[in-house]
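Chemist: could you look at this predicted model? Sequence included:
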Amino acid sequence: MVGSFRPGAHDRHGERGTGGPGVTAAFASPPPAPRVVLGLGLRRGAPAAELLRTADAALAACGLDRSAVTLVATLDRKLAEPGLRAAARELNVPAVGHPAAVLAAVPVAGSARVAAAVGTPSVAEAAALASAGPGGRLLAPRTASAAATAALAESAPATAAPPQEATR
């Protein structure tokens, strides 16, 4: 029988879940999908609606919608901002913050003005990449509004674990 395996089903020989006498079945979970991290830079008091509009514009530029976002990342000092917290709640994802020194070490273009204000030349792109982990990549250039900046990074695809064998 080729093409499908249903755990617990009996095959035509009455064997439970093996594919037949003397046959082993290999099982492997598909690798997890890469996660999409939304990096947000924001001015003090930026409302959630503006953060979400900026995020939506960044997502649309990549052909994605809000359901693709798995995490919001920003500068650690911005985690207490009500607009950021409300935006993360609306997206139904956690929010994480990184210290300025961590963001400053991420190799992305930045602004001297932003560096002078918050201690790192980039917040949105650097936070997205820092949270995406090793091998993460930016999906598109950052998107900016009057009070917010959004960037999207994708984690590196996980490699599949070797299949586990089940014998009868």
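Modeler: Perfect, I can see it now.
Chemist: residues contacting the residue positioned nearest the centre of the chain?
Modeler: Ranked by distance to the mean C-alpha position of the chain (C-alpha atoms, centre = their mean), the top residue is residue 36 at 2.6 Å. Residues in contact with residue 36, defined by C-beta atoms under 8 Å, 6 or more residues apart in numbering, are 64, 68, 69, 70, 139, 152, 153, 154, 155. (C-beta placed from N, C-alpha, C; glycine too.)
Chemist: run a quick neighbour tally on the closest residue to it other than its chain neighbours.
Modeler: If the residues on either side of it in the chain are set aside, residue 36 comes closest to residue 68, at 4.6 Å by C-beta to C-beta, 6 or more residues apart in numbering. Residues within reach of residue 68, counting by other C-beta atoms under 10 Å, total 18.
Chemist: residue 68 and residue 56, how far apart?
Modeler: Look at residue 68 and residue 56: by C-beta to C-beta, to the nearest Å, they are 11 Å apart.
Chemist: helices or strands up against the host helix or strand of residue 101?
Modeler: Element membership for residue 101 (DSSP states H and E) is helix 100-104. Contacts defined by 3 or more C-beta pairs under 8 Å, 6 or more residues apart in numbering; DSSP states H and E place helix 100-104 against helix 124-132.
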